[in-house]
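Novice: only geometry, no sequence info:
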């Protein structure tokens with residue numbers, strides 16, 4: 001089965017060596033990979049991202065930039081030269097607008113993180129918010145559109161909202177996707193791949209159901225078949 005570019009596999013693994021082995025095991029079944037903070041902290045995140053691009057893969061730099069505007073703008077400018085396809089920033093107006101300025105005319109897509117999929121309404125109350133996850137997501141989608149972002153990262157349960165507000169060309173990337181046959185792990189607002197895409201997601205991010213499977217390539221094929 002040909003790789004489906006809507007499926008992004010999260011390389012949330014302890015080392016770049018393990019990530020490379022996973023990419024090799026998946027072969028042609030996957031064409032899009034997420035490189036997150038764990039690999040970035042290990043010092044080889046950018047090296048791996050460049051290797052993936054050289055191999056013809058698409059790369060999602062899930063680094064959730066969050067700092068003063070000038071710093072975010074400069075960081076986005078550097079990352080725009082790396083050849084990455086997607087970059088996440090936290091969904092605050094100054095941060096989002098700065099990242100958009102930093103990427104300039106490059107093809108790097110800026111995605112705003114609305115509410116982390118591990119957070120429930122009760123968690124948000126503990127943080128200090130006085131609105132539900134859905135209400136906060138809606139506010140941040142409007143702010144992302146105003147800032148010029150290309151899309152958002154949102155739970156599958158807010159994908160329909162993001163699609164409705166953002167329109168047909170808006171990117172809606174949904175982590176927290178778990179097939180019926182896999183464990184939910186630490187995702188509080190998970191959904192199946194089929195449900196996420198039906199609701200309006202443009203891309204789904206899947207990690208452990210594939211990377212922790214006995215046969216990762218077969219797991220990827222099962223998910224690709226489901227979303228096809």
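Specialist: Received the coordinates, thanks. Model, not experiment: these values are computed from the prediction.

Novice: who's in contact with the longest helix that the chain contains?
Specialist: Longest helix in the chain by number of residues (criterion: DSSP state H): helix 133-147. Helix 133-147 has contacts (C-beta atoms under 8 Å, 6 or more residues apart in numbering) with 91-93, 96-97, 100, 112, 114-115, 119-121, 124, 129, 131, 151-152, 154-155, 157-158, 161-162, 165-166, 170, 189. C-beta here means a position set from N, CA and C on the backbone, and glycine is covered the same way.

Novice: what is the helix or strand just after it packed up against?
Specialist: Using DSSP states H and E, the helix or strand that follows helix 133-147 in sequence is strand 151-153. Counting contacts by 3 or more C-beta pairs under 8 Å, 6 or more residues apart in numbering; DSSP states H and E, strand 151-153 packs against strand 109-113, helix 133-147, helix 159-166, strand 171-174.

Novice: need the mean per-residue confidence for the longest one.
Specialist: To tie it back to what came earlier, the one meant is helix 133-147. Helix 133-147 shows a mean pLDDT of 94.

Novice: now do it against helix 159-166, angle only.
Specialist: Here the directions of helix 133-147 and helix 159-166 differ by 30 degrees (axes from the mean of the first three to the mean of the last three C-alpha atoms, to 10 degrees).

Novice: please enumerate the helices of this protein.
Specialist: 16-26, 37-41, 45-54, 69-80, 93-103, 121-127, 133-147, 159-166, 193-199, 208-211, 216-227.

Novice: which stretch among the ones you listed comes nearest residue 175?
Specialist: Closest of the helices of the chain to residue 175 is helix 193-199, at 9.5 Å (criterion: C-beta to C-beta).

Novice: buried stuff in that closest one?
Specialist: 193, 194, 195, 196, 197, 199 (16 or more other C-beta atoms under 10 Å).

Novice: wait, what's in contact with the first one?
Specialist: Going back to what we said before, that points to residue 193. Contacts of residue 193 (C-beta under 8 Å, 6+ apart): 7, 177, 179, 204, 206, 223, 226, 227.
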